[in-house]
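Asks: Dropping the sequence and predicted coords here.
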Amino acid sequence: MAGASWAGSGPGERIGHDWGVTADAPTPGLEELRFYDTRTRQVQRFEPLAPPAVGIYTCGPTVYAPQHLGNMRPQLYPDVLRRLLTAAGYDVTYVTNITDVGHLVGDADDGDDKLEQAAATTGQTAAEIAARYTEQWATDRRLLGCLEPDVVPRAASHLAEQIAMIRTLEEKGHTYAIDDGVYFDVSTFPRYAEFAHLDLDEMETSGRIEHLEDKRHPADFALWKLTPPGVVRQQEWDSPWGRGFPGWHIECSAMATKYLGERFDIHTGGIDHVRVHHTNEVAQSECVLDVHPWVGTWLHNEFLDLKGEKISKSAGHVLTVDSLVERGIDPLAFRYFFFQAHYRQQQAFTFEAVEAAGTALRRLVVKAVEARDAGGEPDPAAVEPHLRRFWSALADDLNAPQALAAVWDAVRDPGFSLASRWAFLADADRALGFGLAEAEAPDADESGSDPRIDALVAERQAARAAKDFAASDRIRDDLAAEGIEIVDTPTGTTWRRSAG
Ligand code: AMP
Ligand code: ZN
């Protein structure tokens, strides 16, 4: 719960503000938080159910294969969200699950369970596969600077909770059984189409949605899948309906309810989950619990576009945190790169872009270490407006690119003493998560080029990506004054010393 040792446990208790004003001054810029809610399709003021407590649930990885870098985006933005809420004085409980059973190869309720299939093709047991990729995911999260979740429940350890929910659905008349299992009948929940603005009639008549023949409606979904006669599965359990395994959607309803209560504040996940997985979570939960809305705010991330590097799980080459390390890229460079785009916008992955982010991060670390080690007394009046800009960018639906632009403006503020710069960065790093308090100054020059100029060029690229053209022009002009010319090419930005 209050767990995270780096932050206060309720409104008024803060760290990072030992630079003055008053001991319990609220973090500037966090007076009001606003998030875009998928359900209402509006940016809405955040009002938790029972402040200062805030519960967040994130749909976690299906642990049948390594998680690619795209899969880490739905871990990164809730990490920033959680840090933001903690800085705003909330007592956050963060839950993200492990899907180790029930996630089928397709959304159509046929096809095999991803874990069973991986076991059949690799010769390892489903349990070994799940343990291996859970560990890898947890390690990758840490390398990317994500705080440890408060609870990481596994679906296969929550069978009783899932079966209990399905029984309640059955008692309330929301289910029907076919040879293959027990299904949720969407016609019994009139709000079913609301969450994702689905057209159920069109789904039924178009025939474009693949689905099991025996289902009454294409949108009906499996709650319990029966093991066919003569088959033995690695993961199967007895149930009131026969031996089998739970559907994927019910696990999140059961685990979120168990750890966060019958209603909770924030649910997050990838944008692809809106139409099926989250629509189904809402249907089951609202029917079992008699609540509406089940969740206060739904946040969904757009995809990281990996096509530029032609790597995906299905192609057999998985672009992971390890792939960065193998190329000598600090995983925190990927965290910096993540900050360069809004979570609700697609972001194109290239190694080059992450390398440029790494250069900018090294530059920031140099600035931070210099300021940190200088000591001295900060000037609260100088720090406050920069912090206000930084935190209010994040308070505005997690506008990470604007927050990053605010960081660079603060660092470059000519009126800032080193002590004020450090006071700013130490506070902002509560959300940035770059570990600036412990960071060591990077080695001077590893590349044979000029790291200072490389970093300024990367900084300008970051400013441009954040549409902070005033900052990007200023850097270009500063470099021009030193006789350095920036050259934008289709493959990236370089620099050269201008002739004469
Ligand atoms: P999976 O393990 O396939 O269930 O995916 C885990 C999470 O990653 C889900 O929340 C997906 O929505 C999300 N996801 C999958 N691919 C991407 C991507 N390229 N960019 C961002 N999120 C993704
Ligand atoms: Zn889920």
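Replies: Ah, there it is. Ligands and ions are numbered 1, 2, ... in the order given.
Asks: Any idea which residue of this structure lies closest to ligand 1?
Replies: Of all residues in the chain, residue 270 sits closest to ligand 1, at 1.7 Å by CB to the nearest ligand atom. No exception for glycine: its C-beta is placed from N, CA and C like everyone else's.
Asks: What's the local residue count around the residue of the stretch 51-200 of the chain found nearest ligand 2?
Replies: Closest residue of the stretch 51-200 of the chain to ligand 2, CB to the ion: residue 59 (3.2 Å). Per other CB atoms under 10 Å, the neighbour tally for residue 59 reads 22.
Asks: now residue 426: how far from residue 177?
Replies: In this structure, residue 426 and residue 177 are 59 Å apart, going by CB to CB, to the nearest Å.
Asks: what residues are up against residue 288?
Replies: By CB atoms under 8 Å, 6 or more residues apart in numbering, the residues touching residue 288 are 165, 168, 169, 172, 253.
Asks: Now name the helix or strand holding the third one.
Replies: Element membership for residue 169 (DSSP states H and E) is helix 159-171.
Asks: How about residue 153: what's its closest non-neighbour residue?
Replies: Excluding the flanking residues, the one nearest residue 153 by CB to CB, 6 or more residues apart in numbering is residue 255, at 4.5 Å.
Asks: Would you mind listing what in the protein touches ligand 1?
Replies: Residues of the chain found near ligand 1 (CB under 6 Å from any ligand atom) are 59, 61-62, 70-71, 73-74, 269-270, 272-273, 301, 303-304, 306.
Asks: a strand runs through residue 494, doesn't it?
Replies: Yes: the assignment for residue 494, made by DSSP: H, G, I helix; E, B strand; the rest coil, places it in a strand.
Asks: what's the closest non-adjacent residue to it?
Replies: Residue nearest to residue 494 in three dimensions, not counting chain neighbours: residue 487, with 5.1 Å by CB to CB, 6+ apart.
Asks: The one you found: how many residues sit nearby?
Replies: 10.
Asks: Next: residue 198.
Replies: Using other CB under 10 Å, the number of residues around residue 198 comes to 17.
Asks: hey, which helix is longest across the chain?
Replies: Scanning the chain for the helix with the most residues, using DSSP state H, yields helix 351-374.
Asks: From the chain's centroid, how far away is the helix or strand following that one?
Replies: Downstream of helix 351-374, the next assigned helix or strand under DSSP H and E is helix 380-395. The chain centroid and the centroid of helix 380-395 are separated by 24 Å under CA atoms, centre = their mean, to the nearest Å.
Asks: Can you name the residues in contact with helix 380-395?
Replies: Here helix 380-395 has contacts from 19-21, 27-30, 32-34, 80, 84, 87-88, 399-400, 402-403, 405-407, 409-410, 413, 415-417, 420, 423-424, 427-428, 431, using CB under 8 Å, 6+ apart.
Asks: Among the residues you listed, which ones are in helices?
Replies: Judged by DSSP H, the subset of the contacts of helix 380-395 located in helices is 80, 84, 87, 400, 402-403, 405-407, 409-410, 420, 423-424, 427-428, 431.
Asks: Which parts of the stretch 201-350 of the chain are helices?
Replies: For the stretch 201-350 of the chain, applying DSSP state H, counting those that start in this stretch gives helices covering 248-260, 279-289, 321-326, 331-339.
Asks: would you list these in CSV and tack on mean pLDDT?
Replies: Below are the helices of the stretch 201-350 of the chain laid out as CSV (pLDDT from 0 to 100):
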stretch, mean pLDDT
helix 248-260, 97
helix 279-289, 98
helix 321-326, 94
helix 331-339, 98
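Asks: Any idea which of those gets closest to ligand 2?
Replies: helix 248-260 (3.1 Å).
Asks: helices or strands next to that closest one in the packing?
Replies: Counting contacts by 3 or more CB pairs under 8 Å, 6 or more residues apart in numbering; DSSP states H and E, helix 248-260 packs against strand 53-58, strand 91-96, helix 159-171, strand 221-226, helix 279-289.
Asks: Nearest to residue 264, out of those?
Replies: Nearest to residue 264, of all those, is strand 53-58, at 3.8 Å by CB to CB.
Asks: Just the buried subset of the residues of the chain next to ligand 1, please.
Replies: 59, 61-62, 70-71, 73-74, 269-270, 273, 301, 303-304, 306 (16 or more other CB atoms under 10 Å).
Asks: With pLDDT added, can I get those in JSON lines?
Replies: Formatted as JSON lines, these follow (pLDDT from 0 to 100):
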{"residue": "59", "pLDDT": "97"}
{"residue": "61", "pLDDT": "94"}
{"residue": "62", "pLDDT": "92"}
{"residue": "70", "pLDDT": "96"}
{"residue": "71", "pLDDT": "96"}
{"residue": "73", "pLDDT": "98"}
{"residue": "74", "pLDDT": "97"}
{"residue": "269", "pLDDT": "98"}
{"residue": "270", "pLDDT": "97"}
{"residue": "273", "pLDDT": "96"}
{"residue": "301", "pLDDT": "98"}
{"residue": "303", "pLDDT": "97"}
{"residue": "304", "pLDDT": "97"}
{"residue": "306", "pLDDT": "90"}
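Asks: Just the residues you listed: which are in strands?
Replies: 269, 270, 301, 304 (DSSP state E).
Asks: wait, residue 423 sits on residue 378?
Replies: Yes: using CB atoms under 8 Å, residue 423 is in contact with residue 378, at 3.6 Å.
Asks: ok, residues contacting stretch 68-79?
Replies: 56, 58-59, 61, 94, 96, 140-141, 144-147, 268-270, 299, 301, 303-304, 306, 311-313, 318-321, 323-324, 334-335, 338, 343, 347, 349, 398, 400, 433.
Asks: again with stretch 350-369
Replies: 308-309, 324, 327, 329-330, 332-334, 336-337, 340, 407-408, 411, 421-422, 425, 429, 434, 436, 439-442, 451-452, 454-459, 461-462, 491-493.
Asks: of residue 426 and residue 177, who's got more company?
Replies: Using other CB under 10 Å, the more surrounded residue of residue 426 and residue 177 is residue 426, with 20 against 15.
Asks: show me what contacts the residue nearest to residue 494?
Replies: When contacts are counted by CB under 8 Å, 6+ apart, residue 487 touches 493, 494, 495, 496.
Asks: which SS class is it?
Replies: Secondary structure assignment for residue 487 (three-state DSSP): strand.
Asks: if we can go back for a sec, can I have the buried ones of the contacts of helix 380-395 as a ChimeraX selection?
Replies: In ChimeraX, a selection of the buried entries from the contacts of helix 380-395 looks like this (16+ other CB under 10 Å):
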select :19,27,28,29,30,33,80,84,87,88,399,400,402,403,405,406,407,409,410,413,416,417,420,423,424,427,428,431
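Asks: can you pull the buried residues of stretch 320-332?
Replies: Buried residues in stretch 320-332 (16+ other CB under 10 Å): 320, 321, 323, 324, 329, 330, 331, 332.
Asks: Could you report the neighbour count for residue 265?
Replies: Counted with other CB under 10 Å, residue 265 comes out at 24.
Asks: per-residue pLDDT, it?
Replies: Looking at residue 265, its pLDDT is 98.
Asks: What's the separation between it and residue 248?
Replies: From residue 265 across to residue 248, the span is 23 Å (CB to CB).
Asks: do the same with residue 375
Replies: 54 Å.
Asks: So between the two, which is more surrounded?
Replies: Neighbour tally, residue 375 and residue 248, criterion other CB under 10 Å: the higher count belongs to residue 248, 26 against 9.
Asks: didn't the more buried one look like it was pressed against residue 105?
Replies: No: judged on CB under 8 Å, residue 248 makes no contact with residue 105 at a distance of 11.0 Å.
Asks: So which residues of the stretch 1-150 of the chain form strands?
Replies: Taking DSSP state E, counting those that start in this stretch to define them, one finds strands in the stretch 1-150 of the chain at 34-37, 42-45, 53-58, 91-96.
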